[in-house]
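Enquirer: Here's my sequence, what's the structure:
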Amino acid sequence: PMIPVPDAMRIALREVASSLLREIDHDEPKTFTETVSLEHALHRSSAEIIQAPISIPVVDTSIMDGFCIRYADYLSAQSGDEFKVIGYSVAGDASMRNEGEAHDASNSFEAMYVTTGAVLPAGFDSVIPIEKVTFKEGSRESNNDVLESIRNGHAGCISIDKGKVALAEKQWVRKAGSDLKAGAVLLHEGQTICSAQIALLAQTGIFSVLVRRKTIVGVLSTGDELIGERNIQSGTWNKVGKIYDANRPAIMSLVQNFGALVVDLGQASDTIESLEEKLSVGLSSCDIVVTSGGVSMGELDLIENVLVQKLHATVKFGRIHMKPGKPTTFLTIENFGSKNLTKFVLSLPGNPVSAMVCSHLFIYPILNLINRGVKRHETVNEIVDGTPVHPEIDVVLNDDLKLDRERPEYHRVKLKWDVGRSIFVATSTGMQRSSCLMSMNGATALVCLPRATDDKNICKAGEKHLALLISNSFKDIVEPQIVKHSRHMLRHSILTKRKKIKVPLKIGLVLRKTVGSPEEHIERVQSILDTVEIVFVDSVLHQERLSQILLEKTKGIDVLIIISNEGFRDSNKLAAFIDSCLHKRSDALALQMRQGAASECGLAALFEVIVGTINQTLVCSVPEEGLVGALGKIRGRVMFHAVMITQGKPYRHK
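Expert: Numbers count the residues shown, from 1 in each chain. All right, here's what the predicted structure looks like:
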């Protein structure tokens, strides 16, 4: 069965978040840091909070070229009174008195010449621009070459016509710390560094910054039909039946644009040996490997088999309810290499448009999560909910768009702002076939179109629809949504789009050796099922305690869900024990849940799912891997109906 795009995105993000949390617990975070100079800091993710070490300006400075005076003198002086110029202060130099003239203590009206940015001399508090005063040097009156005259020892004086010049206290003075106070946060941890922040760091004397290491993404093309640059240079190819490799350059450029470090893994032929060799090399040197081709249902679509059977990968999802990109597959490999890290593989379809669209939908959020980083106190759900996905806007269609009867579509469009209607108008890029790269040429957004129904098979021009922005031009003016607030993530998800039922079911949870915390599993179960109330959660290691729960805590609740994460042998023992405690089995429900678990995680199909009744309570035992798919299969009225039958209550189908 196919799963909706939002659910697939959540599964991938949960896997990445769980992996990062495990690595933090082992003090081996994948996103280890490095220090870079400011010239290499643009678009990098900060790994620390940086506060301003100094205030800007550090001291009071002049905003204008002119003369600084004491405001009290200005108030005391009569119009035309002279202020003796006793020195000067220029930007970059300490203030000084004019050594050519002795200071006359009897003259209380004094001034000093200052340039823009100059330190305001002690005792002076206001500045009057040079064009507002008259400078006198002996019998000569001129505002030209004032600084040169003072430097040459020819002190003069200024006069202020108070009838024409109004001065406020501290006017034209940039006070210390008025632009930036010491201790102000310049960069938050996980923030992407922009040009303005680089300027702020330099302004405060910080010339290097601690950033997260770039995620290393390897890109591999597969297929005997591909022609690469090396084939052309060596002359070892025949054009008949061959195509040029567009996927690898496209995906590599997208990944680089998303902020990752790209590794070119080249091309693999359609043989198990070639695929295993190329994938092994990529997994050894990269955090994520992205492949294109070889994930459909043909005899030569070998990617999944090689990853699962040869490299011990686990399939997290394998078919997505979307157009284009249905075969997209996401896998994880646990405990890889000497450091026992988790590696991720995203296998994209071979058609270039499918590969590019799915790169936007999946790689971009995954890299955002890794760059954001995780903290020990966060739950997986909190991390996922806070991950930035694509910027979203409402658009008006400029064309009639035909809907697909099987799958919702991500239709490529060009956007243009309509001033009169104050909204973006979306124009289709033309034929949307997954092999037609011209549909990506100039595309600035993906319009989310629903699947066709009997009542509606065309979206009419003028209709308003949600669009995901994929152009950097628009991403600069529209902030990415986080998962929690994303309308796209809520639209088609089986985890969030539910019919409400009037009577909440009382649920008990039992956890055995699970990776997630009790709080995470409460959140997961509540997000999957219809209106429910979690009445208790118990972590159980020993069979005696589980036996006690099955006998005592199944009274007064509607459903008991046992979630386990054990090896095959222990899992079989657990299944046999729970089966022996059941008063009645429900094999039909168990089969449905097992199929749902397998759709989320291929290996989950190998574990027993046990469903039955104890004390008029429905009991379900499911593997942690595959929980979303298993519960998704019986959510809503299916589970409610099963509970009513278990309790012997009348229930009328609607």
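
Enquirer: which residues are in contact with the longest strand along the chain?
Expert: Counting by DSSP state E, the longest strand found in the chain is strand 409-418. Strand 409-418 has contacts (Cβ atoms under 8 Å, 6 or more residues apart in numbering) with 322-325, 353, 357, 361, 395-396, 401, 403, 423-429, 432, 439-440, 442-449, 467-468, 471, 474. For glycine as for every other residue, the C-beta is placed from the backbone atoms N, C-alpha and C.

Enquirer: Just the buried ones among these, please.
Expert: Buried members of the contacts of strand 409-418, scored by 16 or more other Cβ atoms under 10 Å, are 322-325, 353, 357, 361, 395, 401, 403, 424-429, 432, 439-440, 443-449, 467-468, 474.

Enquirer: quick revisit: helices and strands around the helix or strand that comes right after the longest strand of the chain, which ones?
Expert: Next along the chain after strand 409-418, taking DSSP states H and E as the criterion, comes strand 423-428. Helices and strands touching strand 423-428, by 3 or more Cβ pairs under 8 Å, 6 or more residues apart in numbering; DSSP states H and E, are strand 392-397, strand 409-418, strand 445-449, strand 464-469.

Enquirer: Now do strand 423-428: distance to the chain's middle.
Expert: 26 Å (Cα atoms, centre = their mean, to the nearest Å).

Enquirer: Same check on stretch 506-525?
Expert: That offset, for stretch 506-525, works out to 26 Å (Cα atoms, centre = their mean).

Enquirer: Can you list the buried residues in it?
Expert: For stretch 506-525, by 16+ other Cβ under 10 Å, it's 506-514, 516-517, 520-525.

Enquirer: For A77, give me phi and psi.
Expert: Here is the backbone geometry of A77 (degrees, to the nearest 10): phi -70, psi 150.

Enquirer: a helix runs through N368, doesn't it?
Expert: Yes: when classified by DSSP: H, G, I helix; E, B strand; the rest coil, N368 is found to be part of a helix.

Enquirer: residues contacting it?
Expert: Contact analysis of N368 by Cβ under 8 Å, 6+ apart lists T387, P388, V389, P480.

Enquirer: R212: what's it in contact with?
Expert: R212 neighbours (Cβ under 8 Å, 6+ apart): T31, F32, T33, R44, S45, S46, A47, G190, I370, N371, G373.

Enquirer: rerun at 6 Å
Expert: By Cβ atoms under 6 Å, 6 or more residues apart in numbering, the contact set of R212 is T31, T33, S45, A47, N371.

Enquirer: R213: how many residues sit nearby?
Expert: A count of neighbours around R213, defined by other Cβ atoms under 10 Å, yields 18.

Enquirer: which residues touch it?
Expert: Contacts of R213 (Cβ under 6 Å, 6+ apart): F32, E34.

Enquirer: do S571 as well
Expert: S571 makes contact with F607, according to Cβ under 6 Å, 6+ apart.

Enquirer: how much space between it and Q592?
Expert: 19 Å (Cβ to Cβ, to the nearest Å).

Enquirer: what's the answer for A47, then?
Expert: From A47 to Q592 the distance is 46 Å (Cβ to Cβ).

Enquirer: and if you look at K84?
Expert: 96 Å.

Enquirer: still on that earlier bit, comparing A47 and Q592, which shows the higher neighbour count?
Expert: A47 (22 against 17).

Enquirer: If I look at the more buried one, what pLDDT would I see?
Expert: pLDDT, A47: 91.

Enquirer: close enough to count as contact, it and T33?
Expert: Yes: taking contacts as Cβ atoms under 6 Å, A47 lies within contact range of T33: 4.2 Å.

Enquirer: so what's in contact with these two at the same time?
Expert: What both A47 and T33 touch, as defined by Cβ under 6 Å, 6+ apart, is the set L210, R212.

Enquirer: and D454, helix, strand or coil?
Expert: Recorded secondary structure, D454: coil (three-state DSSP).

Enquirer: Roughly how far does it sit from T514?
Expert: 43 Å.

Enquirer: got it, and Q256?
Expert: Q256 is 38 Å from T514, by Cβ to Cβ.

Enquirer: Kindly report the same for I563.
Expert: Distance, I563 to T514, using Cβ to Cβ: 6 Å.

Enquirer: what touches both of the two?
Expert: Shared contacts of I563 and T514 (Cβ under 6 Å, 6+ apart): E624.

Enquirer: What is the nearest of the contacts of N368 to R140?
Expert: P480 (64.6 Å; Cβ to Cβ).

Enquirer: wait, what's in contact with that closest one?
Expert: For P480, the contacting residues are P388, P391, by Cβ under 6 Å, 6+ apart.

Enquirer: so how far is V384 from it?
Expert: Counting by Cβ to Cβ, the separation of P480 from V384 is 14 Å.

Enquirer: swap in L618?
Expert: L618 is 29 Å from V384, by Cβ to Cβ.

Enquirer: Just confirm F135 is within a strand.
Expert: Yes: assessed by three-state DSSP, F135 belongs to a strand.

Enquirer: That one bridge partners, please.
Expert: Counting by DSSP bridges, F135 forms beta bridges with I158.

Enquirer: again, but for the one 5 residues further on
Expert: According to DSSP bridges, the partner residues bridging R140 are E137.

Enquirer: Tell me how many other residues surround it.
Expert: Under the criterion other Cβ under 10 Å, the count of neighbours that R140 has is 11.

Enquirer: Next: K175.
Expert: Neighbours of K175 under the rule other Cβ under 10 Å: 13.

Enquirer: cool, L603 as well?
Expert: A count of nearby residues for L603, using other Cβ under 10 Å, gives 18.

Enquirer: Equivalent analysis for G596, please.
Expert: Per other Cβ under 10 Å, the neighbour tally for G596 reads 25.

Enquirer: Assign it to helix, strand or coil.
Expert: Using three-state DSSP, the structure places G596 in helix.

Enquirer: where does L341 fall, phi/psi-wise?
Expert: Main-chain torsions, L341, degrees, to the nearest 10: phi -90, psi 160.

Enquirer: go on, K460?
Expert: When read as degrees, to the nearest 10, the backbone of K460 gives phi -80, psi 150.

Enquirer: need the contact list for the closest residue to it other than its chain neighbours.
Expert: Nearest non-adjacent residue to K460, counting by Cβ to Cβ, 6 or more residues apart in numbering: D400, 5.6 Å away. D400 sits next to I458, K460, A461 when contact means Cβ under 6 Å, 6+ apart.

Enquirer: from those, which single one is nearest A268?
Expert: Using Cβ to Cβ, the shortest approach to A268 within the contacts of D400 belongs to I458, at 41.5 Å.

Enquirer: Across the sheet, point out what pairs with the closest one.
Expert: Here I458, judged by DSSP bridges, has bridge partners K402.

Enquirer: what about it, distance to L397?
Expert: According to Cβ to Cβ, I458 stands 10 Å off from L397.
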